[in-house]
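K.L.:
sequence plus the predicted model coming up.
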There are 2 protein chains.
Amino acid sequence: MTADVSTQTAQKPLRADAQRNYDNLIEAAREAFRERGAEASLDDIAKRAGVGPGTLYRHFPTRDALIDAMMRDWAERIDADSQAVVDSGLPAREALQIWFTRFVDNIGLYHGAAAKVMSAMDDPKSPIYRKCQVLAAANEKVVAKAREDGALRDGVDAREVMRIVSGVSTVIDQSGLTPAQAEPMLAIVLDGILLPD
Amino acid sequence: MTADVSTQTAQKPLRADAQRNYDNLIEAAREAFRERGAEASLDDIAKRAGVGPGTLYRHFPTRDALIDAMMRDWAERIDADSQAVVDSGLPAREALQIWFTRFVDNIGLYHGAAAKVMSAMDDPKSPIYRKCQVLAAANEKVVAKAREDGALRDGVDAREVMRIVSGVSTVIDQSGLTPAQAEPMLAIVLDGILLPD
DNA sequence: ACCTGAACACCGTTCAAGT
DNA sequence: ACCTGAACACCGTTCAAGT
């Protein structure tokens, strides 16, 4: 189940120069997206990577395909974070609080990332859909643990929890707040899904 | 306090042809934004209004200035909705539930509107900032009423409530859900801010 | 098999020339 | 005082020519 992360994905091996271009493009994209946000110029990314624009398009036919490739290790980080929380044995409120905080951190890859992940959540045609499924599964796991502990209100659905925490993430991202400023909103969510007392 | 809404804003009167162009541009913008979302082509809007692109820029030097003009009656609708809820005499939960639902509806003017309002919320330099202030004041009023009724948890801040409901609105908008599908998320917010029992 | 970069298209923005 | 539309700049996207 553990994939080879050092090269492309799980595809046929690339020619040496192509592999280098591929890696350079992803690195350049990370920089550019961090600096400029989700609308970063693809031409600029190609320039930073030292390749022609055609090469970028060869490897990544769409902007989303490039973003998807940038997020390779992201899914693994998500899995690790959710597993750590479930294994921690912490009480439900603390466990969920940590998980939500990690959620907001992880989804804030660059300006506009939270919104992009959100649109992909319900769109199976999006290249990022798979990544969202990983996030959904991780969230489901943490919420299920809290439910087993008898801590959740009746009718609380993991999917809705994921949606609302994504919403909080978008607020942080779009309003230019720091991740720490998500805390009051996350407190509302916690009180909203946990049984009182 | 009630403004003349049939012409420009509260500015000097425009020459007759300029006023017609101004109105046509706003109408064209409403159509275009509804169809194409927040990134609608300005050139296309000018064409729809039957004017040159220069005319659009004369009246609205930035995209946000045009959006702000489109939202003229919006602020009044917000005010009316919040007042109606406060005057209704409904119990806090029902009142807030109706207000939040209206909030989500109102902020979903076109695809991308919720995110735009959110970014303007904490940015006094945005042309839309004033409109956000109106929304914030209306929300404050409804939340204050619930607090007077002794229905709110300690430490619940109207600003945070506005942020999280804006977040819910963005989820609806970005994920292509219907406003009705906000209900489970709004239920979480309600349980999160109201005193149990 | 992969890369380059010129070429095209589209759109935002400005401004000189008009009325 | 206001409008027009040509002109420019920037960027996404394609593709013929190269290695």
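P.N.:
Nice, I can see it.
K.L.:
would you say residue A:124 is within a strand?
P.N.:
No. The assignment for residue A:124 (DSSP: H, G, I helix; E, B strand; the rest coil) gives coil, which keeps it out of a strand.
K.L.:
how much space separates the residue nearest to residue A:135 when sequence neighbours are not counted from chain B?
P.N.:
In this structure, residue A:135 finds its nearest non-sequential neighbour in residue A:78, 5.5 Å apart by Cβ to Cβ, 6 or more residues apart in numbering or on different chains. Yep, even glycine has a C-beta here, placed from its N, CA and C like the rest. Noted for residue A:78: a distance of 19 Å to chain B, by Cβ to the nearest Cβ, to the nearest Å.
K.L.:
which neighbouring elements make contact with the one helix or strand residue A:78 maps to?
P.N.:
Assigned by DSSP states H and E, residue A:78 falls within helix A:72-87. Packing partners of helix A:72-87 (3 or more Cβ pairs under 8 Å, 6 or more residues apart in numbering or on different chains; DSSP states H and E): helix A:92-107, helix A:129-148.
K.L.:
pretty sure the residue nearest to residue A:135 sits against residue A:134.
P.N.:
Yes. Residue A:78 is within contact range of residue A:134, at 5.8 Å (criterion: Cβ atoms under 8 Å).
K.L.:
hmm, who's touching the helix holding residue A:78?
P.N.:
Here helix A:72-87 makes contact (Cβ atoms under 8 Å, 6 or more residues apart in numbering or on different chains) with A:5, A:9, A:95, A:98-99, A:102, A:106, A:109, A:131, A:134-135, A:138-139, A:141-142, A:145.
K.L.:
which residues touch the nearest residue to residue A:71 once chain neighbours are set aside?
P.N.:
In space, and not counting its chain neighbours, residue A:71 is closest to residue A:131: 5.4 Å by Cβ to Cβ, 6+ apart. Residue A:131 makes contact with A:68, A:71, A:74, A:75, A:117, A:120 under the criterion Cβ under 8 Å, 6+ apart.
K.L.:
any idea how far residue A:134 is from the third one?
P.N.:
If I follow you right, that is residue A:74. Here residue A:74 is placed at a distance of 8 Å from residue A:134 (Cβ to Cβ, to the nearest Å).
K.L.:
number of residues surrounding the residue in chain A positioned nearest to DNA strand C?
P.N.:
The minimum distance from chain A to DNA strand C, using Cβ to the nearest atom of the strand, falls at residue A:54 (2.1 Å). Number of residues near residue A:54 (other Cβ atoms under 10 Å in any protein chain shown) recorded here: 8.
K.L.:
tell me the pLDDT of it.
P.N.:
We have a pLDDT of 96 for residue A:54.
K.L.:
what does residue A:157 give?
P.N.:
If you check residue A:157, the pLDDT there is 98.
K.L.:
please name the nearest non-neighbouring residue to it.
P.N.:
Using Cβ to Cβ, 6+ apart, the closest residue to residue A:157 is residue B:184 (6.5 Å).
K.L.:
thanks again, I'm all set now.
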